[in-house]
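>>> sequence and computational prediction follow.
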Amino acid sequence: MNNYELRITNKQNTSFELIASSFLFIFFFLFSNFTFSQVTTEVDTTNIRIGEQISYKIKVETDSTKLVVFPEGQTFMPLEVVEALKIDTTKKTSKFQLLREYKLTQFDSGSYYIPRQKIIVGDKPFFTDSLKVDVNTIEIDTTKQGLYDIKPIIEVDKSSSKWWLYLLIVLAAIALIGFLLYWFIWRKKPLTEEEEIALLPPYDRAKLALSKLENQNYLERSDLKGFYSELTFIIRKFLDEKVYDRSLESTTDQLIERLQLLKDGNQFNFQKDTISNIETIFKRADLVKFAKSQPDIALAELDKQTISNELDAVKATLPEPSEEEKLLNQQYKEAQERKEKRKKILLTTAISLFILIATFVGFGATYGFGYVKDKILGHNSIELLEGNWVKSAYGFPPIYIETPKVLKRVEVELPEEAEGKVKTSIFNYTSKDDEFNIATQTSIIGKQKEEDADVQKAINLNNIIEQNLKKWEDSGVRNIITKNEEFLTPNEAQGIKTFGTAEFPTDEEDEFYEAEYMLLSFTTEQVVQQITIVWRVNDSYADDIVKRVVDSVELNPNVNREEETE
């Protein structure tokens, strides 16, 4: 029993080092006997040039009651199976003769041994002899051979992605919300006629109201009550704003008395007839409103003109505002503008928060609050799960697998005692912060020596798995919990699934993280293939990733599986 340990040339993270260093404990063989009593082989040649094919035939003679199973897949390594023909059955006296032909080739020069092939007849295994094949190089005269340009790089269509559509939807939603906020809150709306009038100075507003009084047709309709009510309201409103702030609620006598006091106190230098004219018109208006008096229409027109003149007279007596008053007015205006701006900011913030909360609640109720939170804040496993996956083949014989990212080849160096005996290829991917690791390995037991051709050791997967876990323990992994069960790929390749939990060391000294792991192991006569996945516990997204990866595993999907023939 030999153990071969890989030396990784370019350092990977801790988890992958453990995975890679344990991959090569796979070469354990058990001796078994075979006989040639019913099975024979035939080849058309044992000396070929690179790329030529060998016709390798297996003949079995048996009775009709026994089931015969021929080799399947790449069991002829290091030679490659180009084609496995259908089984030809012929009857020979009381027995059947079954013949199956395999087309083999090799693209590297050298001497190779076709390993012994296992054929099961009934419940008894039979093994063929190993066979030496020489593969010769092809001599090319470069003076006669034409040279051609290197073929151009082939463009490969990338898988479609809808990130631009999601970005467009987000930008459209932001633009719509921004437009609505601008239109209903920040936009300087055009003033209505009432608002424009309200912004006018009291004098201009009163004069405008008097001009509009003519358009209301009170006098044409003989509505004197309405006419005088509107007329006295105009002058009262002006006096309330500029002279006496209780003009609207005062009676006629109270208002006239107040105006006289203001004149006598030299606060307003009213003209001699101003107060008496206002008093006469107010009392006439009271008679019209309360005593149903009906003055002449011409008198009403005259009263309107008198009120207009007295507005001019009162305005002339108003003192000019001081610089302090002007400053106070300007400060008040600026304070109002700041207040209005703060109001708009608060309203915009409240609406934006409401939209964000409503959006979060809506998506959370649909997809789950944890998923939405991780999607917003970012989560490495979500990025892997929802990214553009890659389906490819790794190693030879190939492992077909779909992964979140492309697995990269890891250069390995075999120890001297393994050179010429083992050929290994490893591919790996490790996510950020060592949260998710996946690696594949294909190991081929190399050419046998001619003196060992009569003996072939069988590979024991259970021993390989035990050695892998033992190597993990030696590298510092602790508390390894292991379960084993049979595993079948979608194309019916049978192997062993080893899974469980363990504590893996980190780059920090004496620090560990708890993770789950899965090891899928497969073997044929000369080949061991393994897939190792390690991910942190309690990561539901990683569970989905692992399921998708495992469901995609296939070995030799293009090999046609023939039914056993009697």
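Noted; the coordinates are in hand.
>>> helices along the protein, start to end?
For the chain, the helices defined by DSSP state H occupy 14-21, 163-181, 193-198, 202-213, 224-242, 252-264, 272-290, 297-317, 323-367, 369-377, 380-385, 461-474, 540-552.
>>> so which elements touch the fourth one?
On a contact count with 3 or more C-beta pairs under 8 Å, 6 or more residues apart in numbering; DSSP states H and E, helix 202-213 meets helix 193-198, helix 224-242, helix 297-317. In short, each C-beta sits where N, CA and C put it, glycine included.
>>> from residue 440, how far out is the residue of the chain most remote from its centre?
Centroid-distance maximum for the chain: residue 272 at 86.2 Å, with C-alpha atoms, centre = their mean. Between residue 272 and residue 440 the computed distance is 113 Å (C-beta to C-beta, to the nearest Å).
>>> give me the number of residues near the spatially closest residue to residue 200 that is not a sequence neighbour?
Spatially, and ignoring its direct neighbours in sequence, residue 200 is nearest to residue 208 (6.8 Å; C-beta to C-beta, 6 or more residues apart in numbering). Residues near residue 208, counting by other C-beta atoms under 10 Å, number 14.
>>> I'd like the numbering to begin with 10 instead of 1 from here.
I'll keep to 10 as the first residue from here, and by that count the last item is residue 217.
>>> wait, residue 217 touches residue 207, no?
No: with contact defined as C-beta atoms under 8 Å, residue 217 does not reach residue 207; the gap is 11.2 Å.
>>> show the pLDDT at residue 437.
Per-residue pLDDT puts residue 437 at 89.
>>> ok, it touching residue 450?
No: between residue 437 and residue 450 there is no contact under C-beta under 8 Å: 9.2 Å.
>>> settle it for me: which of these two has more neighbours?
Ranked by neighbour count (other C-beta under 10 Å), residue 437 and residue 450 place residue 450 first, with 27 against 22.
>>> model confidence for the more buried one, exactly?
We have a pLDDT of 88 for residue 450.
>>> from residue 308, how far out is it?
115 Å.
>>> do the same with residue 122
Look at residue 122 and residue 308: by C-beta to C-beta, they are 135 Å apart.
>>> of the two, which one has the most company?
A count of neighbours by other C-beta under 10 Å puts residue 122 above the other of residue 122 and residue 308, at 18 against 11.
>>> hmm, that one is touching residue 141, no?
Yes: using C-beta under 8 Å, residue 122 is in contact with residue 141, at 5.5 Å.
>>> returning to what we had before: make JSON lines from the helices and strands packed on helix 211-222 and add mean pLDDT to it.
What follows is these, written out as JSON lines (pLDDT from 0 to 100):
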{"stretch": "helix 202-207", "mean pLDDT": "72"}
{"stretch": "helix 233-251", "mean pLDDT": "90"}
{"stretch": "helix 306-326", "mean pLDDT": "89"}
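>>> any low-confidence regions in the stretch 110-259 of the chain?
Applying pLDDT under 70 to the stretch 110-259 of the chain flags the ranges 148-172, 175, 200, 204.
>>> same question, the stretch 410-559 of the chain
Scanning the stretch 410-559 of the chain for pLDDT under 70 picks out 423-429, 442-443, 455-468, 534.
>>> would you mind measuring from the closest residue to residue 271 other than its chain neighbours to residue 257?
Spatial nearest neighbour of residue 271, chain neighbours left out: residue 277 (4.8 Å); criterion: C-beta to C-beta, 6+ apart. Between residue 277 and residue 257 the computed distance is 18 Å (C-beta to C-beta).
>>> ok, the nearest residue to residue 406 once chain neighbours are set aside to residue 448 distance?
In this structure, residue 406 finds its nearest non-sequential neighbour in residue 83, 4.3 Å apart by C-beta to C-beta, 6+ apart. Applying C-beta to C-beta, the value for residue 83 to residue 448 is 21 Å.
>>> likewise for residue 232?
98 Å.
>>> those two: who's more crowded?
Neighbour count, other C-beta under 10 Å: between residue 232 and residue 448, residue 448 has more, with 23 against 14.
>>> now the more buried one. Nearest residue, chain neighbours left out?
residue 437 (4.2 Å).
>>> what are the bridge partners for the one you found, then?
Here residue 437 shows beta-bridge partners residue 417, residue 448, assigned using DSSP bridges.
>>> give me the below-cutoff pLDDT ranges for the stretch 260-409 of the chain.
Within the stretch 260-409 of the chain, the ranges that satisfy pLDDT under 70 run 330-331, 334-335, 337-338, 373, 376-390.
>>> of residue 277 and residue 257, who's got more company?
Each of residue 277 and residue 257 has its neighbours counted (other C-beta under 10 Å); residue 277 has more, 19 against 13.
>>> pull the contacting residues for that one.
When contacts are counted by C-beta atoms under 8 Å, 6 or more residues apart in numbering, residue 277 touches 252, 268, 271, 323, 326, 327.
>>> if we use 10 Å, what do you get?
Residues in contact with residue 277 (C-beta atoms under 10 Å, 6 or more residues apart in numbering) are 251, 252, 253, 268, 270, 271, 283, 284, 323, 326, 327, 328.
>>> swap in residue 225?
By C-beta under 10 Å, 6+ apart, the contact set of residue 225 is 232, 235, 236, 239.
>>> of those residues - the most surrounded one?
Among the contacts of residue 225, residue 236 has the most neighbours (other C-beta under 10 Å), with 23 neighbours.
>>> which of the contacts of residue 225 sit farthest apart?
Farthest-apart pair in the contacts of residue 225 is 232 and 239; separation 9.7 Å (C-beta to C-beta).
>>> and stretch 92-105, average pLDDT?
Here stretch 92-105 scores 84 as its mean pLDDT.
>>> list the buried residues of that stretch.
Neighbour counts over stretch 92-105 (16 or more other C-beta atoms under 10 Å) mark 93, 96, 105 as buried.
>>> out of those, which one sits closest to residue 213?
Among the buried residues of stretch 92-105, and counting by C-beta to C-beta, the member closest to residue 213 is residue 93, at 104.5 Å.
>>> residue 125 touches residue 67, doesn't it?
No: in this structure residue 125 lies outside contact range of residue 67 using C-beta atoms under 10 Å: 11.5 Å.
>>> who touches both of the two?
Overlap of the contact sets of residue 125 and residue 67 (by C-beta under 10 Å, 6+ apart) consists of 50, 80, 135, 137.
>>> strands - which of those residues land there?
50, 135 (DSSP state E).
>>> quick one: which of the shared contacts of residue 125 and residue 67 has the most company?
residue 80 leads those on contacts (other C-beta under 10 Å) with 22 neighbours.
>>> look up how far residue 133 lies from that residue.
16 Å.
>>> from residue 201, how far off is residue 195?
Where residue 201 is concerned, residue 195 sits at a distance of 19 Å (C-beta to C-beta).
>>> out of these two, which sits in the more crowded spot?
Taking other C-beta under 10 Å, residue 195 and residue 201 do not tie; residue 195 has more neighbours (14 against 9).
>>> what is the neighbour count of the closest residue to that one other than its chain neighbours?
Nearest non-adjacent residue to residue 195, counting by C-beta to C-beta, 6+ apart: residue 353, 6.0 Å away. Residues lying near residue 353 (other C-beta under 10 Å) number 13.
>>> hmm, back to that, most tightly packed of the helices and strands packed on helix 211-222?
Among the helices and strands packed on helix 211-222, the stretch with the highest mean neighbour count (mean count of other C-beta atoms under 10 Å) is helix 233-251, at a mean of 20.
>>> and that one with helix 261-273, angle?
For helix 233-251 against helix 261-273, the angle by axes from the mean of the first three to the mean of the last three C-alpha atoms, to 10 degrees is 40 degrees.
>>> let's see helix 233-251 as PDB, backbone CA atoms only.
In PDB, the C-alpha atoms belonging to helix 233-251 read as follows (Å, rounded to 0.1, in the frame of the first residue of the first chain):
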ATOM      1  CA  LEU A 233     -78.200  97.500  -3.500                       C
ATOM      2  CA  LYS A 234     -77.800  95.400  -0.400                       C
ATOM      3  CA  GLY A 235     -75.100  93.300  -2.000                       C
ATOM      4  CA  PHE A 236     -73.500  96.400  -3.600                       C
ATOM      5  CA  TYR A 237     -73.100  98.300  -0.300                       C
ATOM      6  CA  SER A 238     -72.000  95.100   1.600                       C
ATOM      7  CA  GLU A 239     -69.200  94.600  -0.800                       C
ATOM      8  CA  LEU A 240     -68.300  98.300  -0.900                       C
ATOM      9  CA  THR A 241     -68.000  98.700   2.800                       C
ATOM     10  CA  PHE A 242     -66.100  95.400   3.200                       C
ATOM     11  CA  ILE A 243     -63.400  96.800   0.800                       C
ATOM     12  CA  ILE A 244     -62.800  99.900   2.800                       C
ATOM     13  CA  ARG A 245     -63.000  98.100   6.100                       C
ATOM     14  CA  LYS A 246     -60.500  95.500   4.900                       C
ATOM     15  CA  PHE A 247     -58.100  98.300   3.900                       C
ATOM     16  CA  LEU A 248     -58.500 100.100   7.200                       C
ATOM     17  CA  ASP A 249     -58.100  96.800   9.200                       C
ATOM     18  CA  GLU A 250     -54.700  96.100   7.600                       C
ATOM     19  CA  LYS A 251     -53.300  99.700   7.600                       C
END
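>>> I am finished for the moment; much appreciated.
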